[in-house]
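Enquirer: structure for the following, please:
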Amino acid sequence: MGMILGNGFFVFVVLLFVTVGFKLCFAQNPTAMYVFGDSLVDVGNNNYLKLSIAKADFPHNGLDFSTHKPTGRFSNGKNAADFLAEKVGLASSPPPYLSLKNSKPKVGSAFPITGVSFASGGAGIFNSTDLVYKQSIPFTLQVGYFGVVYQDLVKQMGSNATQQHLSKALFTIIIGSNDIFGYSGDVAKNMSPQQYVDKMNSDFEGLLKRLYGLGARKFIIAGVGKVGCCPAQRVQNNTGGCLEGHNTMALQFNQGLKSMLQNLKSQLTDINYSYLEVYSVFESFLQTPSVYGFNETKAACCGLGNLNAQIPCVPISIYCANRNDHLFWDLYHPTEKAARILIDVFFQGMDPMVIPMNVNKLIGL
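Expert: Residues are numbered from 1 along each chain as shown. Okay, here's the model as predicted:
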(Lines give C-alpha, C1' and ligand atoms only; values in the text may rest on other atoms or scores of the structure.)
Protein backbone atom coordinates (compact mmCIF):
# COMPACT_ATOMS: atom_id res chain seq x y z
CA MET A 1 0.00 0.00 0.00
CA GLY A 2 1.57 3.27 -1.09
CA MET A 3 2.28 6.09 1.27
CA ILE A 4 1.04 9.62 0.76
CA LEU A 5 4.59 10.83 0.16
CA GLY A 6 7.64 8.95 -1.05
CA ASN A 7 8.93 6.75 1.72
CA GLY A 8 12.36 8.38 1.81
CA PHE A 9 10.90 11.83 2.35
CA PHE A 10 8.48 10.53 4.97
CA VAL A 11 11.32 8.89 6.92
CA PHE A 12 13.30 12.14 6.77
CA VAL A 13 10.39 14.12 8.20
CA VAL A 14 9.83 11.58 10.97
CA LEU A 15 13.49 11.57 11.94
CA LEU A 16 13.63 15.35 11.89
CA PHE A 17 11.33 15.46 14.91
CA VAL A 18 12.67 12.34 16.59
CA THR A 19 16.42 12.98 16.46
CA VAL A 20 16.98 16.72 16.12
CA GLY A 21 15.10 17.61 19.28
CA PHE A 22 13.01 20.68 20.00
CA LYS A 23 12.00 23.01 22.76
CA LEU A 24 8.54 22.85 24.26
CA CYS A 25 7.01 26.24 23.63
CA PHE A 26 3.29 26.72 23.94
CA ALA A 27 1.15 29.63 24.98
CA GLN A 28 0.13 27.77 28.11
CA ASN A 29 0.05 24.24 29.40
CA PRO A 30 -3.28 22.45 29.11
CA THR A 31 -5.36 22.53 32.26
CA ALA A 32 -5.92 18.77 32.13
CA MET A 33 -5.86 15.69 29.94
CA TYR A 34 -8.71 13.18 29.71
CA VAL A 35 -7.80 9.92 28.02
CA PHE A 36 -10.23 7.57 26.26
CA GLY A 37 -9.38 4.41 24.39
CA ASP A 38 -8.12 0.86 24.48
CA SER A 39 -5.04 -1.03 25.65
CA LEU A 40 -2.70 1.26 23.73
CA VAL A 41 -3.32 3.91 26.41
CA ASP A 42 -4.74 1.93 29.36
CA VAL A 43 -2.75 2.89 32.49
CA GLY A 44 -4.46 0.43 34.81
CA ASN A 45 -8.25 0.60 34.58
CA ASN A 46 -8.52 -3.09 33.76
CA ASN A 47 -6.70 -3.94 37.00
CA TYR A 48 -10.01 -3.16 38.71
CA LEU A 49 -12.20 -5.33 36.46
CA LYS A 50 -12.49 -8.62 38.32
CA LEU A 51 -13.66 -10.73 35.37
CA SER A 52 -11.50 -9.21 32.68
CA ILE A 53 -9.00 -11.39 30.87
CA ALA A 54 -7.54 -8.32 29.12
CA LYS A 55 -5.06 -7.41 31.83
CA ALA A 56 -1.38 -6.56 32.08
CA ASP A 57 -0.94 -6.48 35.86
CA PHE A 58 1.58 -9.31 35.89
CA PRO A 59 5.19 -9.89 34.72
CA HIS A 60 6.83 -9.34 32.36
CA ASN A 61 4.82 -6.18 31.69
CA GLY A 62 6.41 -3.12 33.27
CA LEU A 63 9.90 -4.58 33.03
CA ASP A 64 11.34 -1.21 32.00
CA PHE A 65 8.93 1.01 33.94
CA SER A 66 10.49 3.17 36.65
CA THR A 67 9.37 0.71 39.33
CA HIS A 68 10.30 -2.35 37.20
CA LYS A 69 6.91 -3.76 38.15
CA PRO A 70 3.68 -4.36 36.17
CA THR A 71 1.28 -1.42 36.30
CA GLY A 72 -1.55 -2.55 34.06
CA ARG A 73 0.07 -0.98 31.00
CA PHE A 74 0.35 -3.32 28.02
CA SER A 75 4.00 -2.40 27.57
CA ASN A 76 7.48 -3.09 28.78
CA GLY A 77 7.43 0.45 30.19
CA LYS A 78 5.53 3.63 29.42
CA ASN A 79 2.80 3.85 26.81
CA ALA A 80 1.63 6.61 24.48
CA ALA A 81 -0.52 8.26 27.17
CA ASP A 82 2.49 8.58 29.46
CA PHE A 83 4.69 10.17 26.81
CA LEU A 84 1.95 12.55 25.73
CA ALA A 85 1.38 13.66 29.33
CA GLU A 86 5.10 14.41 29.61
CA LYS A 87 5.16 16.37 26.37
CA VAL A 88 2.26 18.61 27.31
CA GLY A 89 3.77 19.47 30.69
CA LEU A 90 1.67 17.40 33.09
CA ALA A 91 3.42 16.08 36.19
CA SER A 92 2.24 12.53 35.48
CA SER A 93 -0.20 10.51 33.43
CA PRO A 94 -3.85 10.95 34.42
CA PRO A 95 -4.76 8.17 36.86
CA PRO A 96 -7.19 5.38 35.94
CA TYR A 97 -10.81 6.27 36.64
CA LEU A 98 -11.58 2.99 38.38
CA SER A 99 -8.80 3.60 40.91
CA LEU A 100 -10.63 6.77 41.97
CA LYS A 101 -14.25 5.76 41.52
CA ASN A 102 -14.78 4.33 44.99
CA SER A 103 -13.12 7.15 46.91
CA LYS A 104 -15.63 8.95 49.12
CA PRO A 105 -14.52 12.52 49.80
CA LYS A 106 -16.57 14.68 52.13
CA VAL A 107 -17.23 17.36 49.52
CA GLY A 108 -16.55 16.73 45.85
CA SER A 109 -12.87 16.32 44.93
CA ALA A 110 -13.15 12.64 44.06
CA PHE A 111 -11.25 13.28 40.83
CA PRO A 112 -8.13 15.38 40.19
CA ILE A 113 -8.66 18.48 38.09
CA THR A 114 -5.55 17.64 36.07
CA GLY A 115 -7.31 14.76 34.32
CA VAL A 116 -8.45 11.16 34.43
CA SER A 117 -7.91 8.14 32.18
CA PHE A 118 -10.89 6.03 31.13
CA ALA A 119 -8.95 3.85 28.65
CA SER A 120 -9.47 0.11 28.93
CA GLY A 121 -7.78 -2.87 27.33
CA GLY A 122 -10.16 -4.59 24.92
CA ALA A 123 -12.40 -1.54 24.55
CA GLY A 124 -13.96 -0.55 21.27
CA ILE A 125 -16.26 2.02 19.73
CA PHE A 126 -18.93 -0.67 19.67
CA ASN A 127 -20.12 -2.11 22.96
CA SER A 128 -20.00 -5.56 21.36
CA THR A 129 -16.19 -5.68 21.53
CA ASP A 130 -16.64 -6.28 25.25
CA LEU A 131 -18.06 -9.72 24.44
CA VAL A 132 -14.72 -10.78 22.98
CA TYR A 133 -12.65 -9.83 26.02
CA LYS A 134 -15.28 -10.72 28.65
CA GLN A 135 -14.95 -7.37 30.39
CA SER A 136 -13.66 -3.95 29.43
CA ILE A 137 -14.95 -0.38 29.45
CA PRO A 138 -16.29 0.35 25.95
CA PHE A 139 -16.07 3.88 24.61
CA THR A 140 -19.74 4.56 25.31
CA LEU A 141 -19.27 3.78 29.01
CA GLN A 142 -16.01 5.74 29.13
CA VAL A 143 -17.89 8.82 27.96
CA GLY A 144 -20.56 8.09 30.57
CA TYR A 145 -17.87 7.97 33.26
CA PHE A 146 -16.59 11.34 32.09
CA GLY A 147 -20.09 12.66 32.77
CA VAL A 148 -19.58 11.61 36.41
CA VAL A 149 -16.24 13.42 36.50
CA TYR A 150 -17.87 16.49 34.95
CA GLN A 151 -20.43 16.64 37.74
CA ASP A 152 -17.66 16.33 40.29
CA LEU A 153 -15.75 19.21 38.66
CA VAL A 154 -18.84 21.38 38.86
CA LYS A 155 -19.06 20.63 42.60
CA GLN A 156 -15.42 21.57 43.03
CA MET A 157 -15.20 24.61 40.76
CA GLY A 158 -18.66 25.76 39.80
CA SER A 159 -20.25 25.57 36.36
CA ASN A 160 -18.56 28.55 34.70
CA ALA A 161 -15.10 27.70 35.96
CA THR A 162 -15.56 24.10 34.87
CA GLN A 163 -16.42 25.21 31.33
CA GLN A 164 -13.34 27.43 31.21
CA HIS A 165 -11.22 24.62 32.58
CA LEU A 166 -12.44 22.05 30.08
CA SER A 167 -12.09 24.42 27.12
CA LYS A 168 -8.31 24.27 27.63
CA ALA A 169 -8.14 20.57 28.48
CA LEU A 170 -7.00 17.92 26.02
CA PHE A 171 -9.34 15.04 25.19
CA THR A 172 -7.17 12.23 23.86
CA ILE A 173 -8.83 9.30 22.07
CA ILE A 174 -7.07 6.20 20.72
CA ILE A 175 -9.58 3.50 19.80
CA GLY A 176 -10.87 1.38 16.91
CA SER A 177 -8.42 -1.51 16.56
CA ASN A 178 -10.52 -3.93 18.59
CA ASP A 179 -13.57 -3.16 16.50
CA ILE A 180 -11.68 -4.13 13.35
CA PHE A 181 -10.40 -7.32 15.00
CA GLY A 182 -14.03 -8.04 15.89
CA TYR A 183 -15.24 -7.98 12.29
CA SER A 184 -16.10 -11.66 11.83
CA GLY A 185 -18.89 -14.22 12.08
CA ASP A 186 -22.45 -12.94 11.87
CA VAL A 187 -21.28 -9.34 11.76
CA ALA A 188 -19.27 -9.99 8.60
CA LYS A 189 -22.23 -11.84 7.06
CA ASN A 190 -24.58 -8.91 7.60
CA MET A 191 -22.32 -5.94 6.90
CA SER A 192 -19.64 -5.27 4.32
CA PRO A 193 -16.28 -3.99 5.61
CA GLN A 194 -17.15 -0.50 4.36
CA GLN A 195 -20.56 -0.54 6.05
CA TYR A 196 -18.91 -1.68 9.26
CA VAL A 197 -16.28 1.08 9.37
CA ASP A 198 -18.93 3.63 8.38
CA LYS A 199 -20.92 2.54 11.43
CA MET A 200 -17.78 2.84 13.55
CA ASN A 201 -17.37 6.44 12.44
CA SER A 202 -21.04 7.27 12.90
CA ASP A 203 -20.99 6.01 16.49
CA PHE A 204 -17.67 7.75 17.09
CA GLU A 205 -19.16 11.06 15.93
CA GLY A 206 -22.10 10.69 18.30
CA LEU A 207 -19.75 10.15 21.25
CA LEU A 208 -17.61 13.15 20.29
CA LYS A 209 -20.75 15.28 20.29
CA ARG A 210 -21.59 13.99 23.78
CA LEU A 211 -18.15 15.05 24.97
CA TYR A 212 -18.62 18.42 23.30
CA GLY A 213 -21.88 18.83 25.19
CA LEU A 214 -19.93 18.29 28.40
CA GLY A 215 -17.38 20.96 27.58
CA ALA A 216 -14.71 19.26 25.45
CA ARG A 217 -13.19 21.60 22.86
CA LYS A 218 -9.71 20.25 22.09
CA PHE A 219 -9.33 16.71 20.77
CA ILE A 220 -6.30 14.55 20.04
CA ILE A 221 -7.54 11.64 17.94
CA ALA A 222 -5.44 8.81 16.54
CA GLY A 223 -6.28 6.81 13.48
CA VAL A 224 -5.98 3.03 13.57
CA GLY A 225 -2.51 1.67 12.82
CA LYS A 226 -1.46 -1.04 10.42
CA VAL A 227 -3.13 -3.63 12.64
CA GLY A 228 -2.93 -6.48 10.16
CA CYS A 229 0.84 -6.54 10.69
CA CYS A 230 0.94 -7.09 14.45
CA PRO A 231 2.35 -10.48 15.54
CA ALA A 232 -1.10 -11.80 16.52
CA GLN A 233 -2.25 -11.27 12.93
CA ARG A 234 0.92 -12.47 11.21
CA VAL A 235 0.88 -15.76 13.12
CA GLN A 236 -2.47 -16.55 11.46
CA ASN A 237 -0.82 -16.32 8.03
CA ASN A 238 1.20 -19.35 6.88
CA THR A 239 3.75 -17.02 5.30
CA GLY A 240 4.09 -14.78 8.36
CA GLY A 241 2.87 -11.89 6.27
CA CYS A 242 0.34 -9.24 7.26
CA LEU A 243 -3.40 -9.85 7.10
CA GLU A 244 -4.21 -7.25 4.48
CA GLY A 245 -7.96 -7.42 5.00
CA HIS A 246 -7.59 -5.78 8.40
CA ASN A 247 -5.13 -3.24 7.03
CA THR A 248 -7.62 -2.29 4.31
CA MET A 249 -10.34 -1.82 6.93
CA ALA A 250 -8.01 0.36 8.98
CA LEU A 251 -7.38 2.58 5.96
CA GLN A 252 -11.11 2.78 5.23
CA PHE A 253 -11.87 3.68 8.81
CA ASN A 254 -9.13 6.31 8.92
CA GLN A 255 -10.34 7.95 5.72
CA GLY A 256 -13.87 8.12 7.11
CA LEU A 257 -12.60 9.41 10.44
CA LYS A 258 -10.74 12.29 8.79
CA SER A 259 -13.83 13.24 6.79
CA MET A 260 -16.03 12.99 9.87
CA LEU A 261 -13.74 15.28 11.86
CA GLN A 262 -13.70 17.86 9.07
CA ASN A 263 -17.50 17.83 8.92
CA LEU A 264 -17.76 18.03 12.70
CA LYS A 265 -15.50 21.09 12.71
CA SER A 266 -17.78 22.75 10.16
CA GLN A 267 -20.75 22.16 12.49
CA LEU A 268 -19.05 22.97 15.79
CA THR A 269 -16.71 25.78 14.89
CA ASP A 270 -15.28 26.23 18.39
CA ILE A 271 -13.70 22.77 18.48
CA ASN A 272 -10.12 22.11 17.40
CA TYR A 273 -8.35 18.82 16.90
CA SER A 274 -5.16 17.02 15.94
CA TYR A 275 -5.67 13.86 13.92
CA LEU A 276 -2.73 11.48 14.22
CA GLU A 277 -1.89 9.31 11.19
CA VAL A 278 -0.61 6.24 13.04
CA TYR A 279 -0.94 3.98 9.99
CA SER A 280 1.64 5.84 7.92
CA VAL A 281 4.20 6.04 10.72
CA PHE A 282 3.92 2.30 11.39
CA GLU A 283 4.24 1.65 7.68
CA SER A 284 7.49 3.58 7.78
CA PHE A 285 8.67 1.51 10.77
CA LEU A 286 7.98 -1.67 8.80
CA GLN A 287 9.55 -0.54 5.53
CA THR A 288 12.73 1.01 6.95
CA PRO A 289 13.13 -0.42 10.48
CA SER A 290 16.89 0.10 10.74
CA VAL A 291 16.43 3.85 10.39
CA TYR A 292 14.63 3.82 13.73
CA GLY A 293 16.91 1.27 15.36
CA PHE A 294 14.54 -1.68 15.08
CA ASN A 295 15.98 -5.07 14.21
CA GLU A 296 12.75 -7.04 14.63
CA THR A 297 9.36 -5.89 13.34
CA LYS A 298 7.48 -9.18 12.97
CA ALA A 299 7.93 -11.10 16.22
CA ALA A 300 6.85 -9.95 19.66
CA CYS A 301 9.51 -9.35 22.28
CA CYS A 302 7.51 -11.19 24.96
CA GLY A 303 5.55 -14.38 24.34
CA LEU A 304 5.96 -17.99 23.21
CA GLY A 305 5.62 -19.97 19.99
CA ASN A 306 5.88 -18.80 16.41
CA LEU A 307 6.72 -15.07 16.34
CA ASN A 308 6.29 -15.16 20.15
CA ALA A 309 2.61 -14.71 19.34
CA GLN A 310 0.99 -18.07 19.99
CA ILE A 311 1.04 -17.52 23.74
CA PRO A 312 0.73 -13.96 25.09
CA CYS A 313 3.19 -12.19 27.36
CA VAL A 314 2.59 -13.98 30.66
CA PRO A 315 4.96 -14.87 33.52
CA ILE A 316 6.04 -18.13 31.85
CA SER A 317 6.88 -16.36 28.57
CA ILE A 318 10.36 -15.51 27.40
CA TYR A 319 11.27 -11.93 26.55
CA CYS A 320 13.97 -10.32 24.44
CA ALA A 321 17.09 -8.94 26.08
CA ASN A 322 16.98 -5.58 24.29
CA ARG A 323 13.47 -4.22 24.03
CA ASN A 324 14.69 -1.25 21.96
CA ASP A 325 15.40 -3.64 19.08
CA HIS A 326 11.74 -4.62 18.78
CA LEU A 327 8.76 -2.80 17.31
CA PHE A 328 6.30 -4.97 19.24
CA TRP A 329 6.38 -5.74 22.94
CA ASP A 330 3.73 -8.46 22.84
CA LEU A 331 1.41 -9.94 20.24
CA TYR A 332 -0.58 -6.68 19.84
CA HIS A 333 1.20 -3.73 21.46
CA PRO A 334 4.24 -1.60 20.58
CA THR A 335 7.31 -1.36 22.75
CA GLU A 336 7.94 1.67 24.91
CA LYS A 337 10.45 2.88 22.32
CA ALA A 338 7.92 2.73 19.48
CA ALA A 339 5.33 4.60 21.57
CA ARG A 340 7.85 7.32 22.37
CA ILE A 341 8.74 7.83 18.69
CA LEU A 342 5.06 8.08 17.74
CA ILE A 343 4.41 10.81 20.30
CA ASP A 344 7.60 12.69 19.32
CA VAL A 345 6.38 12.78 15.74
CA PHE A 346 2.81 13.72 16.55
CA PHE A 347 3.78 16.48 18.95
CA GLN A 348 5.70 18.55 16.39
CA GLY A 349 4.83 16.81 13.13
CA MET A 350 3.13 18.20 10.04
CA ASP A 351 0.79 17.14 7.25
CA PRO A 352 0.32 14.28 6.37
CA MET A 353 1.40 12.89 9.74
CA VAL A 354 -0.80 15.28 11.75
CA ILE A 355 -3.93 16.97 10.39
CA PRO A 356 -4.81 19.86 10.49
CA MET A 357 -2.31 20.82 13.22
CA ASN A 358 0.14 19.18 15.57
CA VAL A 359 -0.44 18.77 19.28
CA ASN A 360 1.93 21.59 20.19
CA LYS A 361 -0.09 24.04 18.10
CA LEU A 362 -3.36 22.68 19.47
CA ILE A 363 -2.22 23.45 23.01
CA GLY A 364 -1.44 27.04 22.08
CA LEU A 365 -4.94 27.82 20.82
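Enquirer: pLDDT below threshold where in the stretch 101-250 of the chain?
Expert: Residues of the stretch 101-250 of the chain meeting the criterion pLDDT under 70: 102-109, 129-134.
Enquirer: now the strands: where do they sit in it?
Expert: Assigned by DSSP state E, counting those that start in this stretch, the strands in the stretch 101-250 of the chain fall at 170-174, 218-222.
Enquirer: surely D270 is within a strand?
Expert: No - counting by DSSP: H, G, I helix; E, B strand; the rest coil, D270 is not part of a strand but coil.
Enquirer: what's the closest non-adjacent residue to it?
Expert: R217 (6.1 Å; Cβ to Cβ, 6 or more residues apart in numbering). C-beta here means a position set from N, CA and C on the backbone, and glycine is covered the same way.
Enquirer: for the one you found, what are its contacts?
Expert: Applying Cβ atoms under 8 Å, 6 or more residues apart in numbering to R217 gives the contacts L166, S167, K168, A169, D270, I271, N272.
Enquirer: just the buried ones from these?
Expert: Taking 16 or more other Cβ atoms under 10 Å as the criterion, what is buried in these is L166, K168, A169, I271.
Enquirer: just the ones of the residues you listed in helices?
Expert: In helices, judged by DSSP state H, the following of these are found: L166.
Enquirer: what about L63, distance to G77?
Expert: 7 Å (Cβ to Cβ, to the nearest Å).
Enquirer: now do Y292
Expert: From Y292 to G77 the distance is 17 Å (Cβ to Cβ).
Enquirer: so which of the strands of the stretch 101-250 of the chain is the most packed in?
Expert: strand 170-174 (a mean of 27; mean count of other Cβ atoms under 10 Å).
Enquirer: on that earlier part again, any residues in contact with both of L63 and G77?
Expert: With Cβ under 8 Å, 6+ apart, L63 and G77 have common neighbours R323.
Enquirer: more crowded one of those two?
Expert: Each of L63 and G77 has its neighbours counted (other Cβ atoms under 10 Å); G77 has more, 22 against 19.
Enquirer: does that one touch N61 like I think?
Expert: No - applying Cβ atoms under 8 Å, one finds G77 not in contact with N61, separated by 9.2 Å.
Enquirer: show the contacting residues for Q252.
Expert: With Cβ under 8 Å, 6+ apart, Q252 has these contacts: P193, Q194, V197.
Enquirer: closest one of those to G115?
Expert: Sorting the contacts of Q252 by how near they are to G115, with Cβ to Cβ, puts V197 at the top with 29.5 Å.
Enquirer: tell me how far that closest one lies from C229.
Expert: As judged by Cβ to Cβ, V197 and C229 stand 18 Å apart.
Enquirer: between these two, which one's more packed in?
Expert: V197 (27 against 23).
Enquirer: surely that one meets H246?
Expert: No - with contact defined as Cβ under 8 Å, V197 does not reach H246; the gap is 11.1 Å.
Enquirer: give me the common contacts of those two.
Expert: With Cβ under 8 Å, 6+ apart, V197 and H246 have common neighbours I180.
Enquirer: how far is stretch 237-256 from where the chain is centred?
Expert: 18 Å (Cα atoms, centre = their mean, to the nearest Å).
Enquirer: which members of the contacts of Q252 occur in helices, if any?
Expert: Taking DSSP H, the ones among the contacts of Q252 that sit in helices are P193, Q194, V197.
Enquirer: the helix or strand where Q252 lies to strand 218-222, inter-axis angle?
Expert: Counting by DSSP states H and E, the element that carries Q252 is helix 244-267. Orientation note: helix 244-267 sits at an angle of 170 degrees relative to strand 218-222 (axes from the mean of the first three to the mean of the last three Cα atoms, to 10 degrees).
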